[in-house]
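> Next comes the sequence, and after it the predicted model I'd like to discuss.
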Amino acid sequence: MDMLLSILNWLLPLIYLALAIDYGATFILRQRTHVRNSGVVLAIGVHAVFLVCWGMRYGGLPLAENVEILSVVAFSSVVVYFAIELITRDRRAGLFVFLLIFLMQYTASTFLAGEIAQGLVATRGWGTLHVLPAVFAYTALAFAAIYAALYLIGQRNLKHHNFGLLFDRLPPLDLLGRMSFQALMVGFAFMTATMITGGALFHRYGSGGGTLPMEPKLLAKIIIGSAAWIICAVDVFGKYVLKWSIARVASIALAGFLIIAALFVTSFALS
Amino acid sequence: MKLSVIGISHRTAPVEVRETCALTGDLTAKFLQAAHTENVFEEALLLDTCNRTELYFLAAGAGDCMENFLTHIKTLKGLDAAPDKSAFYYHQGQRAIEHLFTVAAALDSQIVGEHQILGQLKDAYKLASEERTARFLLNKLMHRAFRVGKRTQNETQLGRGSVSVASAASDLAAQIFADMSDKSVLLVGAGQTAQAAAKGLISSGVRRVIVANRTLSRAEELTTELAGPVDQSDNDDQIRCPAALRHSDPPGDAADKPQNGVQARAISLDQIGEVIGSVDMVICSTGSSDPVLTYDALGDIIARRSKLLYIVDIAVPRDVDPKLGDLANVFLHNLNDLDSVVARNIERRCQEIPRAKAIVELEVDKFVKWYDSLQVASTITLLNKRFELLRAAEIKRYGGKFTDADTEQLELFTQSLCKKMLHRPIVYLRELAQNASLSDQLLAVETIRRMYELDELQDDDLEQDK
């Protein structure tokens, strides 16, 4: 089983890299609606097999550490992207999505390779109920950020009459703006669920007579989660109540994601 | 090869001359009927577009086909004299095929890469088939030409990107809005380019149009026109194709055409402020010397919108205050911006020409090779070879069951049998070569080649030669 896990662990970043190259060709050749997603289906299949094998071998998903979570984030990202591509029949944003997915899976695979080799794998038990919505929330926020970035690039090109390389390769602006905000809403919902399940876990520990150790890692996660929730809330409030422009909503979604990513990297570096 | 083309195009004659030679509407059918009756052309197909009038044919006899064609033009158009021969080109054999494939690939079009030509070729072929003037060779040739056209469209970027201001505006709108069906456009002024841009947007799916004009009656006229039948013609071509050379619709057809379902209404220029908050696109082309859409009058209304607003200012002098373009949700493009898009697309298309030419060359080679294979003499040789191979295989299979003396007899017997079996088909082929028309000859040869898989045999021979 360990051999199979090792093979799949290194196969996944290769598949995602191949998909990024394939989508890169689509982007360069301006194949707007050329739907050929058998590669994505393959990636989803292989990744699902990997996670199932991991669960059978270690009794849970790789969710214990910040870095190994990235593999589950990568998986949820590819599933979400597949759904988006089927709905919009537009694969022009795929290059950017799969580059990010490749980076996430490569980082996760590097970490998981060590765990497999050492046989030291931690599991979460009830904590999975708290971590899974967090994974979905961060995935959705990553999508919101990608679409927001593409929106801002497209907007800048059209505003400044820069009809260069990216101009007609990007999906339409209103689609990008809509997708970015919808992804942010999904992220907001999952982040709220994460906060609720996190509170419930606290309560469970408290009612059981125990206390969760307030170690720096846990504090960092609480701070990052709260920051993400506040950023989503501000954006949703701005959009619906203050009638912010799409550009402003997209800018905050992107800036928010970058702040969250920076906080993750800092907390990881400090731990 | 007897295949030829006689034609006149935008490369050889100005529009005034082409107008006199164009066989539009029923005239094409009348010409083909005459060609069929007179038997001057064994096969004939007439392509008539606003940029060219071309006759592809297989001559039946040794008569002067050019003279015949020009005389027909004179008669059908009621001219005093036949058109000047010097404006026409005449290609034969491989050069004619190359010309047709170049036309099908839209490499010979006025707007390189335009998509209309393929449809026009198909229409021409359909008519020729109906009039029974397109038979075996033109049938094969035209299908190969359609293939060339499709390959160039699919495998190169030759037809990509708008090459007129109107379609550039429409393309830029498509970069902003994914779905046009729920979008509305405000047309300020009734200039020709703005109309063309509006039509382009309607063909992309826009279903609500508001026309604002200084004269309300003109705005109302335009709304009627925009809400009329679906116009499926290529925007880029319509602008350049002179009205006299466009094929007019047969009488009564307009009523049969599907209506485009556009809701159009007319307003005066004073009412722009009332509607600008709800529309998604604005196209301006008034002849006003002062801006019509000013920041002072409309800035606040537009700034309050949360939706995107795309403004195209095609007027010179400009109709739109540039300050409006600074608003967050507004995208403002003027004539210079659209021109730069067009120039970039034309350059991009030109870069694709060598790739398209390579496809044409390859397909010409394939067609010529196929045509050359349909020679009677070589087919007879291959037929003999096919039978000899079959005979040898059977001798090898059953030869062991015979004594040496019997084997000799067996050889003689099988050779004689094959000769007798081949006698009638060979005589038939030789008679065809002498008496039948080229189309019948080619059809028969191809049938025999398919029946006995002679092409495979020829390919094997070529491989061995190599």
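Structure received. Numbers count the residues shown, from 1 in each chain, chains lettered A, B, ... in the order given.
> excluding its backbone neighbours, what's nearest residue B:376?
Nearest residue to residue B:376 in three dimensions, chain neighbours excluded: residue B:433, at 4.2 Å (Cβ to Cβ, 6 or more residues apart in numbering or on different chains). Every residue, glycine included, has its C-beta placed from N, CA and C.
> And residue A:188, by the same measure?
residue A:232 (3.7 Å).
> Surely residue B:323 is in contact with residue B:299?
Yes. The criterion here is Cβ atoms under 8 Å, and residue B:323 meets it with residue B:299 at 7.1 Å.
> between those two, who's got more neighbours?
Remark: of residue B:323 and residue B:299, residue B:299 carries more neighbours, 17 against 14, as counted by other Cβ atoms under 10 Å in any protein chain shown.
> Show me which residues of chain B are close to chain A?
Residues of chain B lying close to chain A (Cβ under 8 Å from any Cβ of the partner chain) are B:157, B:160-161, B:171-172, B:174-178, B:304, B:306, B:308, B:325, B:328-329, B:331, B:333, B:337, B:340-341, B:344.
> so who does residue B:187 touch?
Residue B:187 makes contact with B:194, B:195, B:198, B:209, B:210, B:211, B:212, B:222, B:283, B:285, according to Cβ atoms under 8 Å, 6 or more residues apart in numbering or on different chains.
> And the fourth one, which helix or strand is it part of?
What it means is residue B:209. Assigned by DSSP states H and E, residue B:209 falls within strand B:208-213.
> so what's the residue of the stretch 51-200 of chain B found nearest chain A up against?
Proximity of the stretch 51-200 of chain B to chain A (Cβ to the nearest Cβ) peaks at residue B:178, 3.8 Å away. The contact partners of residue B:178, taken as Cβ under 8 Å, 6+ apart, are A:88, A:90, A:171, A:172, A:174, A:175.
> filter these by proximity to chain B?
Checking the contacts of residue B:178 against chain B (Cβ under 8 Å from any Cβ), the matches are A:88, A:90, A:171, A:172, A:174, A:175.
> Please narrow the residues you listed to those residing in strands.
Members of these lying in strands (criterion: DSSP state E): none.
> residues contacting the closest residue to chain A within the stretch 201-350 of chain B?
Nearest residue of the stretch 201-350 of chain B to chain A, counting by Cβ to the nearest Cβ: residue B:328, 4.0 Å away. By Cβ under 8 Å, 6+ apart, residue B:328 lies in contact with A:245, A:247, A:248, B:303.
> rerun that using 7 Å as the cut-off
Each residue near residue B:328 by Cβ atoms under 7 Å, 6 or more residues apart in numbering or on different chains is listed here: A:245, A:247.
> picking that back up, in ChimeraX, how would I select just the buried ones from the residues of chain B next to chain A?
To isolate the buried ones among the residues of chain B next to chain A in ChimeraX, judged by 16 or more other Cβ atoms under 10 Å in any protein chain shown, type:
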select /B:157,160,161,171,172,174,175,176,177,178,308,325,328,329,331,333,337,341,344
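> So which of the residues of chain B next to chain A belong to strands?
Judged by DSSP E, strands contain the following of those: B:331, B:333.
> about what we covered before: buried subset of the contacts of residue B:178, written for PyMOL?
Buried members of the contacts of residue B:178, defined by 16+ other Cβ under 10 Å, are picked up in PyMOL with:
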select buried, chain A and resi 88+90+171+172+174+175
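> I'd like the contacts of residue B:178 as CSV, with pLDDT appended.
What follows is these, written out as CSV (pLDDT from 0 to 100):
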residue, pLDDT
A:88, 72
A:90, 75
A:171, 84
A:172, 88
A:174, 89
A:175, 88
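> Is it possible to get a markdown table of the contacts of residue B:178 that adds distance to residue B:273?
Below are the contacts of residue B:178 laid out as a markdown table (distance: Cβ to Cβ, whole Å):
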| residue | distance to residue B:273 |
| --- | --- |
| A:88 | 35 |
| A:90 | 36 |
| A:171 | 33 |
| A:172 | 28 |
| A:174 | 24 |
| A:175 | 29 |
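> Looking at the contacts of residue B:178, which are in helices?
In helices, defined here by DSSP state H, the members of the contacts of residue B:178 are A:88, A:174, A:175.
> Check the separation of the first and last residues in stretch B:182-199.
In terms of Cα to Cα, to the nearest Å, the two terminal residues of stretch B:182-199 are separated by 16 Å.
> what comes up buried for it?
Residues B:183-191, B:193-199 are the ones in stretch B:182-199 that count as buried (16+ other Cβ under 10 Å).
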